[in-house]
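1. please find the sequence and the predicted model below.
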Amino acid sequence: MKKLLVVSVGFAICLLTACSPQTLQTIGSTKYYVKIVDDGEKYKESGYSRYKYNMTGFDENGELKRLSFTAENQVEKESYLKVYYKKDEVITYEEVDADNVPKKAQELLERKGTKSSL
């Protein structure tokens, strides 16, 4: 009976984790919003092209954070990203519609811009 309970609980946890819209790596991270305003800095790593972006992001309360991240592909100019930041680094990011950027963050992005001199 105990084995069945342990297996059932384990299965339920795995199922909930697999069905979660939030990946495990983003749990506990802070979300910042950025607007891509340049082409990024292209560089080579292990024979592959990558793009580095240095910018200022804002959380939903308007708190500023200087962020740096790299991408495999060039991110389209004027696009908005939700950036997940944890333990002093960008964990991942996803493109979002301007309508999904919190109002305070969007106002600051438009007013102050996002280019940063990291």
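-> Yes, it's here.

2. quick check: closest non-adjacent residue to N61.
-> Spatial nearest neighbour of N61, excluding adjacent residues (CB to CB, 6 or more residues apart in numbering): K104 at 6.4 Å. Just so you know, the C-beta spots here come from the backbone N, C-alpha and C atoms, and that holds for glycine as well.

3. counting residues, name the longest strand you see in the protein.
-> Criterion DSSP state E: the longest strand present in the chain is strand 48-58.

4. and it, C-alpha only, in CSV?
-> This file holds the C-alpha atoms of strand 48-58, laid out as CSV (Å, rounded to 0.1, in the frame of the first residue of the first chain):
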residue,chain,number,x,y,z
TYR,A,48,29.1,29.2,-34.6
SER,A,49,27.8,32.8,-34.7
ARG,A,50,26.2,34.2,-31.6
TYR,A,51,24.8,37.6,-30.7
LYS,A,52,25.4,39.4,-27.4
TYR,A,53,23.0,42.0,-26.1
ASN,A,54,23.7,44.5,-23.3
MET,A,55,20.6,46.4,-22.2
THR,A,56,18.5,47.8,-19.4
GLY,A,57,15.4,46.0,-18.4
PHE,A,58,12.6,46.9,-16.0
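
5. so which elements touch the helix or strand that comes right after it?
-> The helix or strand immediately downstream of strand 48-58 is strand 64-71, counting by DSSP states H and E. Here strand 64-71 is seen to pack against strand 30-35, strand 48-58, strand 80-86, strand 89-96 when contacts are counted using 3 or more CB pairs under 8 Å, 6 or more residues apart in numbering; DSSP states H and E.
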